[in-house]
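*Asks:* can't give you the sequence, but here's the structure:
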């Protein structure tokens with residue numbers, strides 16, 4: 001789509017592809033990129049034909065964190081300016097995380113600071129074995145506050161205690177070990193793995209996937225009490241009674257493809 005300045009966006013067909021497209025700045029964040037990503041993921045979530053969204057990047061880096069020119073402007077911000085700026089970044093991350101379509105991060109290169117937040121906000125993350133990761137904020141006297149809900153959900157509190165505090169760089173193998181990425185592949189195998197996952201997601205029920213994303217968000221970290229049990233009972237009852245749920249079960253029993261597979 002030509003009206004995105006910092007992105008290369010294709011929302012046609014079942015697999016939407018959104019590419020960070022500022023290779024000369026290593027796809028670093030600025031106002032335009034934040035606004036563009038928020039809008040692109042909103043449109044992808046609303047597009048009826050889109051079943052999966054792939055977030056990738058052109059160039060050698062996935063996302064190098066904040067753009068230097070943007071950081072220079074921020075140095076003169078008032079607290080009110082900083083609140084508004086941080087709110088826009090937080091809204092972008094939430095738009096990605098809460099997109100009703102499953103989102104795959106295609107990580108072909110380094111992800112630093114806010115770039116790690118981008119990876120963590122996606123449902124599934126596939127990384128090349130040469131990509132490096134770093135939550136570098138403390139090196140310049142900042143904290144990874146806005147990305148922390150998504151990064152900590154992905155890597156857990158214990159890993160965050162190390163990498164938030166030390167600002168160490170870690171490799172893709174370590175990112176996989178701590179849960180930040182789901183799989184590490186060679187550069188040559190990256191697109192094949194992403195396409196394999198996209199095909200698997202396109203075979204699932206659209207309403208079921210949306211409900212699963214909500215289920216994960218609601219259940220994670222909550223005590224298994226009667227309120228949670230009641231909520232899950234209502235959830236399975238509602239999806240069984242839905243048109244998609246009925247169609248899926250009938251298709252399985254009748255040994256045919258469900259209607260969402262055409």
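*Replies:* Noted; the coordinates are in hand. These figures come from a predicted structure and were not determined experimentally.
*Asks:* quick one: residue 115 and residue 55 touch, right?
*Replies:* No - with contact defined as CB atoms under 8 Å, residue 115 does not count as touching residue 55 (11.1 Å). C-beta here means a position set from N, CA and C on the backbone, and glycine is covered the same way.
*Asks:* so which residues of the stretch 101-250 of the chain form strands?
*Replies:* With DSSP state E, counting those that start in this stretch as the criterion, the stretch 101-250 of the chain has strands at 103-107, 110-112, 124-128, 132-134, 169-171, 183-185.
*Asks:* dump those into a markdown table; add mean pLDDT, mean neighbour count and distance to residue 244 as well.
*Replies:* Below are the strands of the stretch 101-250 of the chain laid out as a markdown table (pLDDT from 0 to 100; neighbours: other CB atoms under 10 Å; distance: least, CB to CB, whole Å):
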| stretch | mean pLDDT | mean neighbour count | distance to residue 244 |
| --- | --- | --- | --- |
| strand 103-107 | 98 | 26 | 21 |
| strand 110-112 | 98 | 26 | 35 |
| strand 124-128 | 98 | 24 | 22 |
| strand 132-134 | 98 | 21 | 37 |
| strand 169-171 | 98 | 16 | 41 |
| strand 183-185 | 98 | 18 | 29 |
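*Asks:* skipping its backbone neighbours, what lies nearest residue 86 in space?
*Replies:* residue 146 (5.6 Å; CB to CB, 6 or more residues apart in numbering).
*Asks:* go on, residue 42?
*Replies:* Distance criterion CB to CB, 6+ apart; nearest residue to residue 42, sequence neighbours excluded, is residue 95 at 6.1 Å.
*Asks:* what helices and strands are in contact with whichever helix or strand that neighbour is part of?
*Replies:* Using DSSP states H and E, residue 95 maps to helix 79-97. The contact analysis (3 or more CB pairs under 8 Å, 6 or more residues apart in numbering; DSSP states H and E) places helix 79-97 against helix 31-46, helix 68-74, helix 114-121.
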